[in-house]
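A.B. asks: here you go, sequence then predicted model.
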Amino acid sequence: MRNDNMPVPTDNMNSNDPALLRLLGSLTELGGGFCGRQDDFMFLQNVLASPEFHALFNAHNAVKEYGENQCNPVSLDSTGVMTDLCNDMLNFAMIPEVRELCFLLTRPHMRALFDSHDQLANGEYIPQLPDLPLGAEEQEDSSVKIVRLVKGNEPLGATIKWDDVLNSVVIARVMHGGAADRSGLIHVGDVVHEVNGVDVRGRDPDEVVSLLTSSDGTITFKLVPADVETRNAMESQKSCEIIPTQVRVKTYFEYNPYNDNAIPCPEAGLSFKKGDVLHIVNQDDPMWWQARREGEKGPRAGLIPSRLLQERRQALNKCPTTPFGNRSTELAYQRSSLRISTRSGGLRGSKRKIKKIMYQARKSDEFSHHEIMTYEEVIPYVATEHPRPIVLVGPPGVGRNELKRRIIATNPDHYQAAIPHTSRPKKWAEEDGKEYYYIDRSTMEEAIRGNRFLEYGEYKGNLYGTSIETIKRVSKAGKVCIVNVHPQALKMLRDSDLKPYIIYVKPPPLDVLRETRQVHKSKVGQDKNANRLFSEEEMVDMIQVGMRMEALYKNYFDAVIVSDELTRTYNELMGITRKLEVEPQWIPSAWLR
Ligand SMILES: Nc1ncnc2c1ncn2[C@@H]1O[C@H](COP(=O)(O)OP(=O)(O)OP(=O)(O)O)[C@@H](O)[C@H]1O
């Protein structure tokens with residue numbers, strides 16, 4: 001008799017296991033003849049016929065079948081078999097083939113192979129955890145947890161500290177991705193009662209550290225989990241910064257945890273160089289972030305000073321003589337002149353016109369005095385539609401114009417200079433937008449006041465300058481704009497939406513500078529009055545100005561190329577510009593907001 005309440009297994013769930021089918025069949029046959037409690041009978045029928053039970057049964061069979069089909073080692077001691085075989089073969093040592101086989105089997109790499117086989121066959125790769133200490137379960141109250149970690153080559157990935165209130169050592173920090181973190185069993189605030197059976201309550205943290213360092217294999221902790229209140233207190237201490245975790249930042253300072261007296265644990269620190277990109281994985285502590293170097297393998301994160309801490313440190317260290325605040329260095333730049341080429345391409349044969357004007361920077365002056373740069377959030381970016389402008393900065397005479405001319409000459413349809421604006425009246429043979437954009441003085445002055453000019457100056461009563469809009473126009477046309485600017489314009493460039501790629505053209509050491517400029521017969525400037533070779537003094541000056549420029553503005557450089565042998569320098573620059581168009585580069589994420 002069939003009970004209508006009995007769930008009917010769906011076809012796809014229905015197991016066709018013969019044993020189960022027989023059992024179900026006999027239950028059906030039994031039907032009304034069952035003389036026990038009908039409720040129990042129906043319950044059993046329901047369970048055995050339910051799709052969940054059949055699914056479970058199928059899963060069980062699949063696991064069993066997998067286990068049975070696994071290849072099992074023929075021998076757990078192939079090394080022993082091989083040794084016995086070689087011993088037996090000694091009786092036939094006169095046969096050359098036997099001798100050769102013996103020789104081959106006893107080679108170190110063959111022995112290592114057999115050894116590895118035996119280790120795998122015996123499952124020795126699985127860490128063996130020792131049994132729980134006797135009576136551990138009954139000891140103390142139920143909130144104690146016993147945690148065992150297998151100590152490999154990597155550090156534990158947790159730090160400890162003394163807690164005055166609890167009078168004990170507690171877990172201070174769990175490093176993201178480290179062994180402790182991966183175990184999921186050790187948490188900040190857990191009180192350490194025992195390490196490898198040694199009672200550490202009331203002991204100095206240094207003693208606990210040496211206990212941990214000296215233990216091999218597995219480490220067994222007896223911990224009392226942090227109570228809810230402690231955890232809540234820790235949560236509330238978390239950094240209020242809005243940067244979400246898992247962000248990448250570019251670093252603007254160099255860091256070595258072993259030179260940092262304030263770091264809670266130098267071993268847990270992460271060293272980095274200026275310009276490295278770091279992956280920030282934890283900002284729970286407002287003073288110490290956890291980070292990994294981008295692209296580096298290895299799961300464990302390291303401690304680095306947080307932005308807040310580093311900014312405080314830099315603000316304290318900042319004194320009036322540092323390059324950022326050095327007025328005399330600033331003045332040295334303001335004395336240097338700016339030339340504006342009146343031609344965009346520069347190689348089309350017409351007479352070059354160079355205007356000497358004084359550089360005047362607008363609000364960009366401010367940044368070198370106030371800005372503290374520690375970390376900048378970055379994201380990978382490839383410019384697809386509008387190529388990023390290439391900005392060349394460097395001391396006068398280093399070769400920026402030469403490089404710009406060469407790049408544009410390579411492919412004038414793809415590379416273009418920014419055409420300057422002038423308030424000078426247009427001459428009859430001139431065409432607007434070819435050598436200059438002609439604009440009336442009051443409009444230009446207003447644009448300058450509105451910070452729409454990267455740099456500008458006055459020559460013989462007329463204004464000349466390079467506008468942000470001109471560069472944008474080149475980009476929008478799908479071309480790479482090559483721009484030479486004074487470094488004081490860099491801040492404004494970065495704050496615009498141009499996404500500039502800034503390359504510092506660095507003078508080579510004096511002997512190389514002397515030699516390359518001699519070979520090339522390089523001329524100082526390009527106007528008639530200065531059509532002569534570089535003097536020794538000018539070359540020394542170029543290097544010194546370059547050094548000051550680097551000290552003041554290097555945070556803004558995306559790349560540095562040394563202007564030594566001209567063709568090599570040019571090739572390097574071309575390599576960078578090509579890469580920029582196809583490979584993702586880290587750009588400030590603020591540029592895309
Ligand atoms: N790597 C180099 N090797 C040899 N000569 C070079 C090199 N780079 C540039 N020159 C030469 O040095 C001279 C000055 O170069 P360029 O005018 O390009 O300098 P610049 O950086 O633009 O400075 P400025 O703004 O004062 O013109 C030119 O004659 C140029 O051909």
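C.D. replies: It's in. Numbering: from 1, shown residues only.

A.B. asks: list the contacts for P387?
C.D. replies: 475, 478-481, 580-581 (CB atoms under 8 Å, 6 or more residues apart in numbering). Glycine gets a C-beta too; all of them are placed from N, C-alpha and C.

A.B. asks: repeat that for L185.
C.D. replies: 145, 147 are the contacts of L185 under CB under 8 Å, 6+ apart.

A.B. asks: for the ligand, see how far away it is.
C.D. replies: According to CB to the nearest ligand atom, to the nearest Å, L185 and the ligand sit 61 Å apart.

A.B. asks: distance check, that residue against K222.
C.D. replies: As judged by CB to CB, to the nearest Å, L185 and K222 stand 12 Å apart.

A.B. asks: now do the shared contacts for those two.
C.D. replies: In contact with both L185 and K222: K145, using CB under 8 Å, 6+ apart.

A.B. asks: got any ranges where the stretch 251-400 of the chain has weak pLDDT?
C.D. replies: Under the criterion pLDDT under 70, the flagged ranges of the stretch 251-400 of the chain are 299, 318-371.

A.B. asks: how about the residues of it by the ligand?
C.D. replies: Residues of the stretch 251-400 of the chain lying near the ligand by CB under 6 Å from any ligand atom: 339, 394, 396-400.

A.B. asks: what about the residues you listed, which are in helices?
C.D. replies: The helices in this structure, assigned by DSSP state H, contain R400 from these.

A.B. asks: tell me how many other residues surround M373.
C.D. replies: For M373, the count of nearby residues is 16 (other CB atoms under 10 Å).

A.B. asks: returning to what we had before: columns neighbour count on top of the residues of the stretch 251-400 of the chain next to the ligand, output as JSON lines?
C.D. replies: Output for these, formatted as JSON lines (neighbours: other CB atoms under 10 Å):
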{"residue": "R339", "neighbour count": "17"}
{"residue": "G394", "neighbour count": "24"}
{"residue": "P396", "neighbour count": "18"}
{"residue": "G397", "neighbour count": "24"}
{"residue": "V398", "neighbour count": "25"}
{"residue": "G399", "neighbour count": "25"}
{"residue": "R400", "neighbour count": "22"}
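
A.B. asks: once you drop chain neighbours, what's closest to the residue in the chain that the ligand sits nearest to?
C.D. replies: Of all residues in the chain, G399 sits closest to the ligand, at 2.5 Å by CB to the nearest ligand atom. Nearest non-adjacent residue to G399, counting by CB to CB, 6 or more residues apart in numbering: S563, 4.3 Å away.

A.B. asks: for the one you found, report the pLDDT, please.
C.D. replies: If you check S563, the pLDDT there is 96.

A.B. asks: and R406, by the same measure?
C.D. replies: Among the per-residue scores, R406 shows a pLDDT of 96.

A.B. asks: for N462, list the residues it contacts.
C.D. replies: So N462 contacts 422-424, 441 (CB under 8 Å, 6+ apart).

A.B. asks: recalculate using a threshold of 6 Å.
C.D. replies: 422-424 (CB atoms under 6 Å, 6 or more residues apart in numbering).

A.B. asks: now T516: which helix or strand?
C.D. replies: Using DSSP states H and E, T516 sits within helix 510-520.

A.B. asks: that helix close to the ligand?
C.D. replies: Yes. With CB under 6 Å from any ligand atom as the criterion, the ligand is reached by helix 510-520 at 516-517, 520.

A.B. asks: how about stretch 418-429?
C.D. replies: No. Stretch 418-429 stays clear of the ligand (CB under 6 Å from any ligand atom), getting no nearer than 14.0 Å.

A.B. asks: would you confirm that L85 belongs to a strand?
C.D. replies: No. Per DSSP: H, G, I helix; E, B strand; the rest coil, L85 lies outside any strand segment and is helix.

A.B. asks: name the nearest residue to it, ignoring sequence neighbours.
C.D. replies: L105 (7.1 Å).

A.B. asks: still on that earlier bit, secondary structure, pLDDT and neighbour count added to the contacts of P387, as JSON lines?
C.D. replies: Shown next, in JSON lines, are the contacts of P387 (DSSP: H, G, I helix; E, B strand; the rest coil; pLDDT from 0 to 100; neighbours: other CB atoms under 10 Å):
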{"residue": "S475", "secondary structure": "helix", "pLDDT": "94", "neighbour count": "21"}
{"residue": "G478", "secondary structure": "coil", "pLDDT": "93", "neighbour count": "11"}
{"residue": "K479", "secondary structure": "coil", "pLDDT": "94", "neighbour count": "19"}
{"residue": "V480", "secondary structure": "strand", "pLDDT": "95", "neighbour count": "23"}
{"residue": "C481", "secondary structure": "strand", "pLDDT": "96", "neighbour count": "25"}
{"residue": "L580", "secondary structure": "helix", "pLDDT": "90", "neighbour count": "20"}
{"residue": "E581", "secondary structure": "helix", "pLDDT": "88", "neighbour count": "13"}
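
A.B. asks: nearest to E538 among those residues?
C.D. replies: Closest approach between those and E538, by CB to CB: C481, at 29.5 Å.

A.B. asks: residue contacts, the closest one?
C.D. replies: Here C481 is in contact with 389, 416, 418, 471, 474-475 (CB under 6 Å, 6+ apart).

A.B. asks: mind redoing it with 10 Å?
C.D. replies: The contact partners of C481, by CB atoms under 10 Å, 6 or more residues apart in numbering, come to 386-391, 415-419, 470-475, 498, 500.

A.B. asks: C86 too?
C.D. replies: With CB under 10 Å, 6+ apart, C86 has these contacts: 98, 101-103, 105-106.

A.B. asks: follow-up on the earlier one: among the residues of helix 510-520 next to the ligand, who's most crowded?
C.D. replies: In the residues of helix 510-520 next to the ligand, the most neighbours by other CB under 10 Å go to R517, 23 neighbours.

A.B. asks: how about that residue, what does it touch?
C.D. replies: 397, 399, 507-508, 523-524, 533-534, 538-539, 542, 563, 566.
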